[in-house]
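Trainee: could you work out the structure for the sequence below:
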Amino acid sequence: DPTHSKEFTGVKETMAFLLKYRRPILVILLCLLALGLRIRFLYGKPRIDGDEIYQVSLMTGSFGEMIRNLPHQEHCSYLSGDYLLIYPFYKMFGENKWGLAIPHLLITLIGLYFLYLLAKQYLKSLWGFLITFGIVAFNRSLIEHSVEVRTYAVLPTLAIMSLYFSEVLAVNFETLRRVQKVAMGAFFVVVLWFHVYGIVIVSTAVLYSLLSRRADQPIFKTLLKRFAKYFGVVFLAAMPLWCWSIFGPHVSYSRT
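Mentor: The predicted structure follows:
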């Protein structure tokens, strides 16, 4: 029967497609589940409270006033990138937490994408993808922080992206174009400026990329020299503001 033959062919093609792209399909489904769990959590806690109120209170004035107040209100002074991220959404939505959560939800999805890129590099089995993305999707702390109006929603994504770009530099340093290296360097500077923990995030990612290749001494020595020059420039660009924010006048001194 030609009709049955066509239906059978269609089923075979569909099964072949699902088998070929089973990993990205699984990841997409788990990412949608992760997003749904976060929206559900937000639905159950739709108002800002606690430290969220404190962060939002610094945004009530103009952008310039917020920047000038950071050294007097935040322990990290200017290493408070989440204020810059949330500020335009506060101006659009006020204290509506659904509106304030938009940038953090988007950044969470970006983090899941880069997690997928890392998983493609390190994981071979479908179970590996399932376990990795399952942990991210169902982890209550990650769910809570991803919709919280605080910096902790962004740090996991910055950590994943730092490791990914560090590995890209380690593997493809010679073939990368200058503009790509500059863009990645700018990203690392942003991570260092976003929060005081940024220095830990960047340092551990770079150390992992280095030490994971220590068994091959020629490659390790070459990479060590390249990273020393490259990240020397990154830290040179980032450290003036970092040092001023940590060692300059800020809330720790103003309250004594």
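Trainee: when you work out contacts or count neighbours from here on, use the C-alpha atoms and nothing else.
Mentor: Will do.
Trainee: pull the contacting residues for Gly134.
Mentor: Leu30 (CA atoms under 8 Å, 6 or more residues apart in numbering).
Trainee: also Ala119?
Mentor: Contacts of Ala119 were listed using CA under 8 Å, 6+ apart, and they are Phe129.
Trainee: can you show me the helices along the stretch 101-250 of the chain?
Mentor: 102-122, 126-138, 140-146, 155-172, 178-194, 198-211, 217-247 (DSSP state H, counting those that start in this stretch).
Trainee: out of those helices, which comes closest to Arg47?
Mentor: helix 140-146 (13.1 Å; CA to CA).
Trainee: mind listing what's buried in the closest one?
Mentor: Residues of helix 140-146 classed as buried by neighbour count (16 or more other CA atoms under 10 Å): Leu142, Ile143, Glu144, His145, Ser146.
Trainee: check stretch 48-62 too.
Mentor: The neighbour-count check on stretch 48-62 (16+ other CA under 10 Å) flags Ile48, Glu52, Gln55, Val56, Leu58, Met59 as buried.
Trainee: the second one against Arg150, yeah?
Mentor: Spelled out, that is Glu52. Yes: with contacts counted by CA atoms under 8 Å, Glu52 reaches Arg150, the gap being 6.3 Å.
Trainee: got a list of contacts for stretch 53-64?
Mentor: With CA under 8 Å, 6+ apart as the criterion, stretch 53-64 contacts Met66, Asn69, Tyr83, Tyr87, Tyr90, Glu95, Val149, Arg150.
Trainee: go through those and name the one nearest Arg38.
Mentor: Closest to Arg38, out of all of the contacts of stretch 53-64 and judged by CA to CA, is Val149, at 13.3 Å.
Trainee: what count of nearby residues applies to that closest one?
Mentor: Using other CA atoms under 10 Å, Val149 is surrounded by 26 other residues.
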